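In: Please work out how this folds:
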Amino acid sequence: MKTKLLTALKTEYAKSGLSDKAFDGVASVLVKTVTKEDEIDGVVKADETKALIKAYQTDTDKVRGEKATLQAEFDKYKKEHPATEPPKPTETEDPEIKKMKEEIENLKKANEEKDKKAARAEMLASIRTKMKDNGSDNDNILDLVLDKAEWKDDETADDIATRLKADYDAKYTKFYGDGPMPHHHSKTVPEYTGTEDDDFADQMRREGKLPKKDA
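Out: As a prediction, the model looks like this:
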């Protein structure tokens, strides 16, 4: 992915005057934000990338000027002191470049968090639909079950819905008693023993979505 990104950067900013090393530095920063090949063009042409290229240009021009000055001083010193060798000039990362990299990294983390929330919301909606189709159709209990639901990356909505059914039935009995339940519910309902969602349940009681404890 980095190689393709590097090629795209060199094509888009061919006239920028950046060195291969500078392009490689930009690619190293941006590759962390790209997960699919079809995202490369958008990332390369993004305003953040243009700003990073400009910052590298400024840094490159500055370094070139400093190196030219230092090289002239080096040559002069070497001529005047042929028996000794002064230290060669070294390159250091410009604070502005470092700041730009940090901002891009923060932006990447924010986008990743946003994507995770969106993916979770989409999965929860799919699980809710699957559970309702199988008779677990009390929205209040579903809210309680799905509020803290977790799953593995390789689990499907069907897998998760099947796994959460026992939890749904236990909570249904906990809050509504042993009265009639939809025909898809298990005849043998496990006892509800969880306490991790008691605060959420209390909130739902206050909102009238669950029966009071003494109901």
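
In: Now for the closest residue to Met131 other than its chain neighbours: which residues touch it?
Out: The shortest distance from Met131 to any non-neighbouring residue, by C-beta to C-beta, 6 or more residues apart in numbering, is to Ala161 (4.8 Å). Quick note: C-beta positions are derived from backbone N, CA and C, even for glycine. Counting by C-beta atoms under 8 Å, 6 or more residues apart in numbering, Ala161 makes contact with Ile127, Lys130, Met131, Asn134, Ser136.

In: Can you give me the neighbour number for the third one?
Out: Yep, that's Met131 we're talking about. Neighbour count for Met131, taken as other C-beta atoms under 10 Å: 24.

In: likewise the last one?
Out: Around Ser136 there are 23 other residues, counting by other C-beta under 10 Å.

In: count of neighbours near the nearest residue to it once chain neighbours are set aside?
Out: In space, not counting the residues next to it along the chain, Ser136 is nearest to Tyr168; the distance is 4.6 Å by C-beta to C-beta, 6+ apart. Applying the criterion other C-beta under 10 Å, we find 24 residues in the vicinity of Tyr168.

In: and Tyr168, helix, strand or coil?
Out: helix (DSSP: H, G, I helix; E, B strand; the rest coil).

In: hang on, it packs against Gly135?
Out: No: look at Tyr168 against Gly135 with C-beta atoms under 8 Å: they stay out of range, at 9.5 Å.

In: what ranges do the strands span in this protein?
Out: Ranges of strands within the chain: none, based on DSSP state E.

In: Sketch out the low-pLDDT regions of it for me.
Out: 59-67, 77, 81-93, 178-201, 204, 209-215 (pLDDT under 70).

In: one step back: save the contacts of Ala161 as TSV, and put in distance to Ala51 too.
Out: Listed next are the contacts of Ala161 as TSV, based on distance: C-beta to C-beta, whole Å:
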residue	distance to Ala51
Ile127	41
Lys130	45
Met131	47
Asn134	52
Ser136	51
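
In: And these, which is closest to Gly177?
Out: Gly177 lies nearest to Ser136 out of the contacts of Ala161, by C-beta to C-beta, at 16.8 Å.

In: now what about stretch 106-123, what contacts it?
Out: Lys32, Thr33, Glu48, Trp151, Ala157, Ile160.

In: Thank you kindly, that will do.
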